[in-house]
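In: Sequence and predicted model, in that order:
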Amino acid sequence: MKLTINKINGGFFRSVVAVSALSVCAIPTFATAQELPSVNWRMQALWDAGTTPYEYEEKFVERVSELTNGKFEIRLFAGGQLAPSAQAFEAVRAGAFQLMKTFDGYEAGSIPAFAFTSTVPFGFPESDQYEAWFYEKGGIELARQAYATAGLYYIAPTVYGQEPIHSKFPIESLDDLNGKKGRFVGLASTVMSEFGVSTTGLPTAEVYQALEKGVIDLADRGDMTANLEAGLGEVAEYLAVPGFHQPTTATSYVANQAAYDSLPDSYQAALEVAAREISSSLRQHILAQDAVALEAFEAQGVQITYLDPELIAQGRPTAMNAWRSAAGDDELANEILNSQIEFMQELGLID
(Lines give C-alpha, C1' and ligand atoms only; values in the text may rest on other atoms or scores of the structure.)
Protein backbone atom coordinates (compact mmCIF):
# COMPACT_ATOMS: atom_id res chain seq x y z
CA MET A 1 0.00 0.00 0.00
CA LYS A 2 1.34 3.40 -0.93
CA LEU A 3 0.47 6.49 1.08
CA THR A 4 1.06 9.85 -0.55
CA ILE A 5 1.13 13.51 0.40
CA ASN A 6 -0.24 16.24 -1.79
CA LYS A 7 2.29 19.07 -1.70
CA ILE A 8 5.50 19.84 0.08
CA ASN A 9 4.11 22.94 1.76
CA GLY A 10 1.13 22.21 3.90
CA GLY A 11 -0.55 19.67 1.68
CA PHE A 12 0.39 16.80 3.94
CA PHE A 13 -1.70 18.16 6.75
CA ARG A 14 -4.71 18.42 4.45
CA SER A 15 -4.25 14.76 3.59
CA VAL A 16 -4.35 13.48 7.17
CA VAL A 17 -8.12 13.05 6.91
CA ALA A 18 -7.68 11.13 3.69
CA VAL A 19 -5.06 8.90 5.29
CA SER A 20 -7.34 8.20 8.23
CA ALA A 21 -10.18 7.36 5.86
CA LEU A 22 -7.85 5.08 3.96
CA SER A 23 -6.96 3.28 7.16
CA VAL A 24 -10.59 2.57 7.90
CA CYS A 25 -11.27 1.00 4.54
CA ALA A 26 -7.88 -0.64 4.07
CA ILE A 27 -7.69 -2.71 7.22
CA PRO A 28 -10.34 -5.45 6.62
CA THR A 29 -9.28 -6.13 3.03
CA PHE A 30 -9.27 -9.89 2.88
CA ALA A 31 -11.21 -11.17 5.87
CA THR A 32 -13.63 -10.12 8.53
CA ALA A 33 -12.26 -9.12 11.93
CA GLN A 34 -13.50 -12.43 13.36
CA GLU A 35 -11.38 -14.38 10.87
CA LEU A 36 -8.16 -12.47 11.49
CA PRO A 37 -5.59 -14.08 13.80
CA SER A 38 -4.56 -12.70 17.17
CA VAL A 39 -0.93 -11.56 17.01
CA ASN A 40 1.27 -10.41 19.87
CA TRP A 41 4.54 -8.58 19.29
CA ARG A 42 7.12 -6.92 21.49
CA MET A 43 8.64 -3.57 20.58
CA GLN A 44 11.58 -1.68 22.08
CA ALA A 45 11.36 2.09 21.94
CA LEU A 46 14.30 4.39 21.32
CA TRP A 47 13.67 6.49 24.42
CA ASP A 48 13.14 6.05 28.15
CA ALA A 49 9.67 5.58 29.60
CA GLY A 50 8.05 8.81 30.73
CA THR A 51 9.59 10.94 27.98
CA THR A 52 7.53 12.66 25.31
CA PRO A 53 8.77 10.45 22.42
CA TYR A 54 7.93 7.35 24.46
CA GLU A 55 4.40 8.64 25.03
CA TYR A 56 3.98 8.81 21.26
CA GLU A 57 5.15 5.22 20.91
CA GLU A 58 2.38 4.34 23.35
CA LYS A 59 -0.02 6.10 20.99
CA PHE A 60 1.45 4.11 18.09
CA VAL A 61 0.82 0.69 19.62
CA GLU A 62 -2.65 1.79 20.74
CA ARG A 63 -3.44 2.91 17.19
CA VAL A 64 -2.27 -0.40 15.69
CA SER A 65 -4.55 -2.24 18.09
CA GLU A 66 -7.44 0.05 17.25
CA LEU A 67 -6.99 -0.39 13.49
CA THR A 68 -7.03 -4.17 13.87
CA ASN A 69 -9.96 -4.38 16.29
CA GLY A 70 -7.62 -5.46 19.08
CA LYS A 71 -6.32 -8.46 17.14
CA PHE A 72 -2.75 -7.12 16.75
CA GLU A 73 -1.27 -6.17 20.10
CA ILE A 74 2.22 -4.75 20.53
CA ARG A 75 3.73 -4.70 24.02
CA LEU A 76 5.98 -1.66 24.33
CA PHE A 77 9.27 -1.60 26.25
CA ALA A 78 11.53 1.38 26.97
CA GLY A 79 14.89 1.83 25.28
CA GLY A 80 17.38 -0.70 26.64
CA GLN A 81 14.75 -2.74 28.47
CA LEU A 82 14.80 -5.75 26.14
CA ALA A 83 18.31 -5.28 24.79
CA PRO A 84 21.00 -2.61 25.18
CA SER A 85 20.18 0.13 22.68
CA ALA A 86 23.39 -0.50 20.76
CA GLN A 87 22.38 -4.15 20.34
CA ALA A 88 18.72 -3.67 19.36
CA PHE A 89 19.50 -3.96 15.65
CA GLU A 90 20.99 -7.44 16.06
CA ALA A 91 18.33 -8.47 18.57
CA VAL A 92 15.47 -7.73 16.17
CA ARG A 93 17.34 -9.33 13.31
CA ALA A 94 17.75 -12.49 15.40
CA GLY A 95 14.07 -12.46 16.38
CA ALA A 96 14.54 -11.75 20.09
CA PHE A 97 11.67 -9.30 19.65
CA GLN A 98 9.78 -8.27 16.56
CA LEU A 99 9.89 -4.47 16.33
CA MET A 100 12.12 -1.56 17.29
CA LYS A 101 12.22 2.18 17.00
CA THR A 102 15.69 3.20 15.95
CA PHE A 103 17.86 5.91 14.45
CA ASP A 104 19.36 4.53 11.25
CA GLY A 105 22.57 6.49 11.70
CA TYR A 106 23.62 4.18 14.53
CA GLU A 107 24.36 1.45 11.97
CA ALA A 108 25.77 3.68 9.21
CA GLY A 109 29.24 2.28 9.81
CA SER A 110 28.14 -1.13 8.54
CA ILE A 111 25.40 -0.05 6.10
CA PRO A 112 26.41 3.31 4.54
CA ALA A 113 22.94 3.97 3.15
CA PHE A 114 21.66 4.49 6.70
CA ALA A 115 23.70 7.69 6.95
CA PHE A 116 21.15 9.42 4.72
CA THR A 117 17.86 7.96 5.98
CA SER A 118 18.23 9.46 9.46
CA THR A 119 19.33 13.06 8.78
CA VAL A 120 21.26 15.19 6.30
CA PRO A 121 23.51 17.73 8.07
CA PHE A 122 23.26 21.16 6.43
CA GLY A 123 20.57 19.57 4.22
CA PHE A 124 16.77 19.79 4.33
CA PRO A 125 15.92 22.65 6.71
CA GLU A 126 12.23 21.73 6.99
CA SER A 127 10.85 18.41 8.20
CA ASP A 128 8.08 18.47 5.58
CA GLN A 129 10.77 18.54 2.90
CA TYR A 130 12.54 15.52 4.34
CA GLU A 131 9.29 13.61 4.74
CA ALA A 132 8.34 14.50 1.16
CA TRP A 133 11.56 12.84 0.03
CA PHE A 134 10.51 9.64 1.81
CA TYR A 135 6.94 9.57 0.52
CA GLU A 136 7.13 11.36 -2.83
CA LYS A 137 10.66 10.71 -4.07
CA GLY A 138 11.04 7.01 -3.31
CA GLY A 139 12.92 7.36 -0.04
CA ILE A 140 10.92 4.69 1.78
CA GLU A 141 11.58 2.14 -0.96
CA LEU A 142 15.30 2.93 -0.84
CA ALA A 143 15.34 2.59 2.95
CA ARG A 144 13.61 -0.77 2.62
CA GLN A 145 16.28 -1.95 0.21
CA ALA A 146 18.95 -1.01 2.74
CA TYR A 147 17.27 -2.88 5.60
CA ALA A 148 16.46 -5.92 3.47
CA THR A 149 20.17 -6.73 3.26
CA ALA A 150 20.10 -7.26 7.05
CA GLY A 151 16.93 -9.36 7.16
CA LEU A 152 14.88 -6.45 8.48
CA TYR A 153 11.86 -4.55 7.17
CA TYR A 154 11.66 -0.75 7.23
CA ILE A 155 8.05 0.18 7.94
CA ALA A 156 8.11 3.98 7.96
CA PRO A 157 9.91 7.01 9.39
CA THR A 158 8.93 9.40 12.12
CA VAL A 159 10.10 12.75 10.80
CA TYR A 160 10.48 15.88 12.91
CA GLY A 161 12.60 19.02 12.99
CA GLN A 162 15.97 20.03 14.28
CA GLU A 163 17.91 18.76 17.23
CA PRO A 164 19.85 21.57 18.92
CA ILE A 165 23.49 21.60 19.95
CA HIS A 166 24.18 21.78 23.69
CA SER A 167 27.65 22.95 24.60
CA LYS A 168 29.88 24.12 27.41
CA PHE A 169 31.15 27.01 25.25
CA PRO A 170 29.45 29.57 22.98
CA ILE A 171 29.15 28.73 19.28
CA GLU A 172 29.21 31.88 17.18
CA SER A 173 31.08 30.57 14.15
CA LEU A 174 32.02 27.21 12.69
CA ASP A 175 35.63 27.91 13.68
CA ASP A 176 34.55 27.65 17.31
CA LEU A 177 34.07 23.91 16.81
CA ASN A 178 37.68 23.19 15.94
CA GLY A 179 39.53 21.16 18.57
CA LYS A 180 36.43 20.37 20.62
CA LYS A 181 35.12 16.94 21.69
CA GLY A 182 31.51 16.14 20.84
CA ARG A 183 28.87 13.43 20.85
CA PHE A 184 27.40 12.93 17.38
CA VAL A 185 26.27 9.83 15.50
CA GLY A 186 25.82 8.75 11.91
CA LEU A 187 26.35 11.29 9.16
CA ALA A 188 26.43 14.13 11.71
CA SER A 189 29.58 12.59 13.16
CA THR A 190 31.25 12.52 9.75
CA VAL A 191 30.29 16.11 9.01
CA MET A 192 31.26 17.50 12.41
CA SER A 193 34.65 15.83 12.09
CA GLU A 194 35.23 17.97 9.00
CA PHE A 195 34.92 21.04 11.23
CA GLY A 196 37.57 19.78 13.62
CA VAL A 197 35.37 18.07 16.21
CA SER A 198 36.68 14.88 17.77
CA THR A 199 33.47 12.85 17.78
CA THR A 200 32.22 9.93 19.85
CA GLY A 201 28.99 7.99 19.41
CA LEU A 202 28.00 7.71 23.06
CA PRO A 203 24.57 6.20 23.80
CA THR A 204 21.86 8.77 24.41
CA ALA A 205 21.62 7.79 28.07
CA GLU A 206 25.28 8.75 28.65
CA VAL A 207 25.17 12.28 27.22
CA TYR A 208 24.23 14.00 30.49
CA GLN A 209 27.06 12.42 32.44
CA ALA A 210 29.60 13.01 29.67
CA LEU A 211 28.80 16.72 29.60
CA GLU A 212 28.75 16.93 33.39
CA LYS A 213 32.18 15.32 33.74
CA GLY A 214 33.73 17.23 30.83
CA VAL A 215 34.30 14.10 28.73
CA ILE A 216 32.74 16.05 25.85
CA ASP A 217 32.36 19.76 25.16
CA LEU A 218 29.22 19.66 23.04
CA ALA A 219 26.53 17.20 22.08
CA ASP A 220 23.56 16.28 20.03
CA ARG A 221 21.03 14.21 21.97
CA GLY A 222 17.39 14.65 20.97
CA ASP A 223 14.71 17.24 20.30
CA MET A 224 14.42 20.32 22.48
CA THR A 225 11.79 18.97 24.87
CA ALA A 226 13.50 15.59 25.27
CA ASN A 227 16.74 17.36 26.15
CA LEU A 228 14.97 19.60 28.64
CA GLU A 229 13.40 16.55 30.26
CA ALA A 230 16.86 14.94 30.40
CA GLY A 231 18.26 17.92 32.31
CA LEU A 232 20.88 19.05 29.79
CA GLY A 233 20.39 22.65 30.92
CA GLU A 234 22.05 21.62 34.20
CA VAL A 235 25.30 20.52 32.54
CA ALA A 236 25.62 22.65 29.38
CA GLU A 237 25.50 26.42 29.66
CA TYR A 238 24.95 27.10 25.96
CA LEU A 239 22.43 26.00 23.33
CA ALA A 240 22.72 26.72 19.60
CA VAL A 241 19.83 26.68 17.12
CA PRO A 242 19.13 25.72 14.45
CA GLY A 243 21.04 22.47 14.82
CA PHE A 244 22.84 22.48 11.48
CA HIS A 245 24.26 19.03 12.22
CA GLN A 246 20.70 17.63 12.25
CA PRO A 247 18.27 20.20 10.81
CA THR A 248 15.64 17.49 10.30
CA THR A 249 15.44 14.06 11.89
CA ALA A 250 14.00 10.67 10.94
CA THR A 251 13.69 7.81 13.39
CA SER A 252 12.41 4.49 12.08
CA TYR A 253 9.98 1.69 12.79
CA VAL A 254 11.85 -1.49 11.83
CA ALA A 255 10.61 -5.06 12.07
CA ASN A 256 12.07 -8.53 11.83
CA GLN A 257 11.52 -9.49 8.20
CA ALA A 258 10.11 -12.97 8.88
CA ALA A 259 7.75 -11.65 11.56
CA TYR A 260 6.54 -8.90 9.23
CA ASP A 261 6.04 -11.30 6.32
CA SER A 262 3.89 -13.55 8.51
CA LEU A 263 1.38 -10.76 9.19
CA PRO A 264 -1.89 -10.48 7.28
CA ASP A 265 -1.83 -7.66 4.71
CA SER A 266 -4.26 -5.65 6.81
CA TYR A 267 -1.93 -5.78 9.84
CA GLN A 268 0.98 -4.62 7.70
CA ALA A 269 -1.20 -1.75 6.51
CA ALA A 270 -2.09 -0.90 10.10
CA LEU A 271 1.60 -0.52 10.97
CA GLU A 272 2.15 1.88 8.06
CA VAL A 273 -0.96 3.95 8.76
CA ALA A 274 -0.22 4.25 12.48
CA ALA A 275 3.39 5.18 11.78
CA ARG A 276 2.36 7.92 9.35
CA GLU A 277 -0.11 9.36 11.81
CA ILE A 278 2.40 9.36 14.66
CA SER A 279 4.98 11.08 12.47
CA SER A 280 2.57 13.93 11.85
CA SER A 281 1.29 14.27 15.41
CA LEU A 282 4.73 14.11 17.05
CA ARG A 283 6.16 16.62 14.59
CA GLN A 284 3.37 19.10 15.32
CA HIS A 285 3.79 18.58 19.06
CA ILE A 286 7.55 19.19 18.88
CA LEU A 287 7.01 22.29 16.75
CA ALA A 288 4.66 23.73 19.35
CA GLN A 289 6.82 22.73 22.31
CA ASP A 290 10.17 24.00 21.01
CA ALA A 291 9.36 27.57 21.98
CA VAL A 292 8.20 26.44 25.42
CA ALA A 293 11.40 24.43 25.90
CA LEU A 294 13.59 27.36 24.85
CA GLU A 295 11.92 29.58 27.45
CA ALA A 296 12.51 26.92 30.07
CA PHE A 297 16.19 26.63 29.15
CA GLU A 298 16.56 30.40 29.38
CA ALA A 299 14.92 30.34 32.81
CA GLN A 300 17.62 27.87 33.88
CA GLY A 301 20.29 30.36 32.80
CA VAL A 302 21.21 28.67 29.53
CA GLN A 303 22.43 31.11 26.89
CA ILE A 304 20.65 30.63 23.55
CA THR A 305 22.52 31.37 20.33
CA TYR A 306 20.45 31.86 17.18
CA LEU A 307 22.79 31.07 14.32
CA ASP A 308 22.79 33.22 11.18
CA PRO A 309 21.57 31.41 8.03
CA GLU A 310 24.68 32.72 6.29
CA LEU A 311 26.85 30.72 8.70
CA ILE A 312 25.01 27.57 7.70
CA ALA A 313 25.34 28.41 4.01
CA GLN A 314 29.08 28.85 4.48
CA GLY A 315 29.39 25.39 5.98
CA ARG A 316 27.32 23.57 3.36
CA PRO A 317 30.11 22.97 0.80
CA THR A 318 32.23 21.29 3.48
CA ALA A 319 29.22 19.24 4.54
CA MET A 320 28.52 18.17 0.96
CA ASN A 321 32.05 16.84 0.63
CA ALA A 322 31.45 14.85 3.81
CA TRP A 323 28.22 13.46 2.31
CA ARG A 324 30.18 12.03 -0.59
CA SER A 325 32.83 10.69 1.72
CA ALA A 326 30.18 8.90 3.80
CA ALA A 327 28.61 7.35 0.71
CA GLY A 328 32.00 6.13 -0.51
CA ASP A 329 31.66 3.57 -3.27
CA ASP A 330 28.46 2.02 -1.88
CA GLU A 331 25.97 1.86 -4.74
CA LEU A 332 22.79 2.20 -2.67
CA ALA A 333 24.18 4.99 -0.49
CA ASN A 334 25.07 6.98 -3.59
CA GLU A 335 21.66 6.33 -5.13
CA ILE A 336 20.01 7.70 -1.99
CA LEU A 337 22.35 10.70 -1.79
CA ASN A 338 21.88 11.56 -5.46
CA SER A 339 18.12 11.37 -5.03
CA GLN A 340 18.26 13.74 -2.07
CA ILE A 341 20.58 16.19 -3.82
CA GLU A 342 18.30 16.24 -6.86
CA PHE A 343 15.31 17.03 -4.65
CA MET A 344 17.22 19.76 -2.79
CA GLN A 345 18.02 21.30 -6.15
CA GLU A 346 14.35 21.16 -7.14
CA LEU A 347 13.51 22.96 -3.90
CA GLY A 348 16.18 25.61 -4.56
CA LEU A 349 18.19 24.68 -1.48
CA ILE A 350 21.42 24.05 -3.36
CA ASP A 351 22.69 24.87 -6.85
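Out: It's in.

In: And for residue 308, the neighbour number?
Out: Each residue near residue 308 was counted by other CB atoms under 10 Å, and the total is 11. From N, CA and C alone the C-beta is placed, and that goes for glycine too.

In: State whether residue 246 is indeed within a helix.
Out: No. With DSSP: H, G, I helix; E, B strand; the rest coil as the criterion, residue 246 is coil rather than part of a helix.

In: For residue 156, see how far away residue 37 is.
Out: To residue 156, residue 37 is 23 Å away according to CB to CB, to the nearest Å.

In: Likewise for residue 62?
Out: The value you get for residue 62 to residue 156, if CB to CB is used, is 17 Å.

In: all strands for this structure, in order.
Out: With DSSP state E as the definition, the chain shows strands at residue ranges 39-44, 72-77, 99-102, 152-160, 165-167, 181-183, 198-200, 218-219, 238-241, 249-256, 303-306.

In: how about JSON lines for the ones you listed, with mean neighbour count and distance to residue 145 added?
Out: Compiled in JSON lines, those are given as follows (neighbours: other CB atoms under 10 Å; distance: least, CB to CB, whole Å):
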{"stretch": "strand 39-44", "mean neighbour count": "18", "distance to residue 145": "23"}
{"stretch": "strand 72-77", "mean neighbour count": "18", "distance to residue 145": "25"}
{"stretch": "strand 99-102", "mean neighbour count": "24", "distance to residue 145": "17"}
{"stretch": "strand 152-160", "mean neighbour count": "24", "distance to residue 145": "9"}
{"stretch": "strand 165-167", "mean neighbour count": "26", "distance to residue 145": "32"}
{"stretch": "strand 181-183", "mean neighbour count": "22", "distance to residue 145": "30"}
{"stretch": "strand 198-200", "mean neighbour count": "16", "distance to residue 145": "28"}
{"stretch": "strand 218-219", "mean neighbour count": "26", "distance to residue 145": "32"}
{"stretch": "strand 238-241", "mean neighbour count": "20", "distance to residue 145": "34"}
{"stretch": "strand 249-256", "mean neighbour count": "24", "distance to residue 145": "13"}
{"stretch": "strand 303-306", "mean neighbour count": "12", "distance to residue 145": "39"}
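
In: Export those to a markdown table and append columns for distance to residue 230 and mean pLDDT.
Out: Formatted as a markdown table, the strands of the chain follow (distance: least, CB to CB, whole Å; pLDDT from 0 to 100):
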| stretch | distance to residue 230 | mean pLDDT |
| --- | --- | --- |
| strand 39-44 | 19 | 98 |
| strand 72-77 | 19 | 98 |
| strand 99-102 | 17 | 98 |
| strand 152-160 | 16 | 97 |
| strand 165-167 | 10 | 98 |
| strand 181-183 | 13 | 98 |
| strand 198-200 | 18 | 97 |
| strand 218-219 | 11 | 98 |
| strand 238-241 | 13 | 97 |
| strand 249-256 | 16 | 97 |
| strand 303-306 | 17 | 97 |
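
In: now for those strands, which one comes closest to residue 327?
Out: strand 249-256 (17.2 Å; CB to CB).

In: now what about that closest one, what contacts it?
Out: Residues from elsewhere that reach strand 249-256, judged by CB atoms under 8 Å, 6 or more residues apart in numbering: 46, 53, 60, 92-93, 95, 97-104, 117-119, 127, 130-131, 134, 143, 147, 151-163, 223, 271, 275.

In: try stretch 298-307
Out: The list of residues contacting stretch 298-307 from outside it, by CB under 8 Å, 6+ apart, reads 170-172, 233-234, 236-242, 244, 294, 297.

In: try 7 Å this time
Out: 170-172, 233, 237-242, 244, 294, 297 (CB atoms under 7 Å, 6 or more residues apart in numbering).

In: For those residues, give me TSV that also has distance to residue 206.
Out: Rendered in TSV, the data for the contacts of stretch 298-307 read as follows (distance: CB to CB, whole Å):
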residue	distance to residue 206
170	24
171	22
172	28
233	17
237	19
238	20
239	19
240	21
241	23
242	25
244	23
294	24
297	21
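
In: Where does the prediction get shaky in the stretch 101-250 of the chain?
Out: Within the stretch 101-250 of the chain, no stretch falls below the threshold (pLDDT under 70).

In: And the helices in the stretch 251-351 of the chain, which stretches?
Out: 257-261, 265-299, 309-327, 331-346 (DSSP state H, counting those that start in this stretch).

In: so which of those comes closest to residue 229?
Out: Put simply, out of those the one that sits nearest residue 229 is helix 265-299, at 8.9 Å, with distance taken as CB to CB.

In: What mean pLDDT does that closest one get?
Out: Helix 265-299 shows an average pLDDT of 96 in the prediction.

In: ok and it relative to strand 39-44, angle-wise?
Out: 30 degrees (axes from the mean of the first three to the mean of the last three CA atoms, to 10 degrees).

In: How far away from the center of its chain is helix 265-299?
Out: With CA atoms, centre = their mean, to the nearest Å as the basis, the distance from the averaged C-alpha position of helix 265-299 to the chain average is 11 Å.

In: Buried residues in it, which are they?
Out: Applying a neighbour-count criterion of 16 or more other CB atoms under 10 Å, one finds 266-283, 285-286, 289-290, 293-294, 296-297 buried in helix 265-299.

In: ok, the residue nearest to residue 81 when sequence neighbours are not counted - contacts?
Out: Distance criterion CB to CB, 6 or more residues apart in numbering; nearest residue to residue 81, sequence neighbours excluded, is residue 44 at 6.5 Å. Residue 44 makes contact with 77, 79, 81-83, 88, 97, 100 under the criterion CB under 7 Å, 6+ apart.

In: Fine by me, we can end here.
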